[in-house]
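Enquirer: Fold the following.
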Amino acid sequence: MSVYKDNKTGTWRVLYRYTDLNGERKQTSKRSFATKNEATLWEHEQMLKQDSKLDMTFASFYEIYEHDKRMRVKENTWESKAHIARTKILPYFGKRKLDEIEPKDVIAWQNIMMKAKDSRGKSYSENYLKTVHSQLSAIFNHAVRY
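Expert: Next up is the predicted model:
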């Protein structure tokens, strides 16, 4: 794992090596990070994903969840789940470390969701709130099994 500065573009680049499911060594890279810190954080998140540790951010774990679950449900169902996650869950939990999210944080998020209004100024129905909470529970349950 290495972080380099690309002198031509003035941006940072990460080379990341890992072992895939078949035991083969692979290498990937990502470019165009504005700062060295951003590149190092991306590299760290990739290592956590590969090591299956829950010390990663919620947003990073959501990428794993998406990869694991997307092919198991119908496309329309997945789009509904993804919309809820993108608009209701990730803005609140996305930057938090997964292993640092506590029940009090979920309760605070639920209170925010109960006070929230839709685009027409109406509160969300209890059925919709239950659906949103079920999606969060599904992600956390996958984390427990992970």
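
Enquirer: which one's the longest helix in this structure?
Expert: Longest helix in the chain, counting residues (DSSP state H): helix 126-145.

Enquirer: elements contacting it?
Expert: Judged by 3 or more CB pairs under 8 Å, 6 or more residues apart in numbering; DSSP states H and E, the packing partners of helix 126-145 are helix 58-69, helix 75-84, helix 103-115. Any C-beta I mention is one placed from the backbone N, CA and C, and that applies to glycine too.

Enquirer: List the buried residues of it.
Expert: Leu129, Val132, His133, Gln135, Leu136, Ile139, Phe140, Ala143 (16 or more other CB atoms under 10 Å).

Enquirer: Please list the residues outside that helix that contact it.
Expert: Outside of helix 126-145, the residues within contact range by CB atoms under 8 Å, 6 or more residues apart in numbering are 54, 61-62, 65, 68-69, 81, 84-85, 88-89, 93, 98, 106, 109-110, 113-114, 124.

Enquirer: switch the cut-off to 10 Å
Expert: For helix 126-145, contacts defined as CB atoms under 10 Å, 6 or more residues apart in numbering pick out 54, 56, 58, 61-62, 64-66, 68-69, 80-85, 87-90, 92-93, 98-99, 101, 106, 109-110, 113-114, 116, 118, 123-125.

Enquirer: Stretch 63-77 too?
Expert: 45, 48-49, 52, 56-58, 78-82, 85, 138-143, 145-146.

Enquirer: Same check on stretch 12-23?
Expert: Contact with stretch 12-23 is made by 1-6, 24-44, 46-47, 49-51, as judged by CB under 10 Å, 6+ apart.

Enquirer: List the ones among those residues that fall in helices.
Expert: Among the contacts of stretch 12-23, DSSP H puts 36-44, 46-47, 49-51 in helices.

Enquirer: which among these end up buried?
Expert: Buried members of the ones in helices among the contacts of stretch 12-23, scored by 16+ other CB under 10 Å, are Ala39, Trp42, Glu43, Gln46, Lys49.
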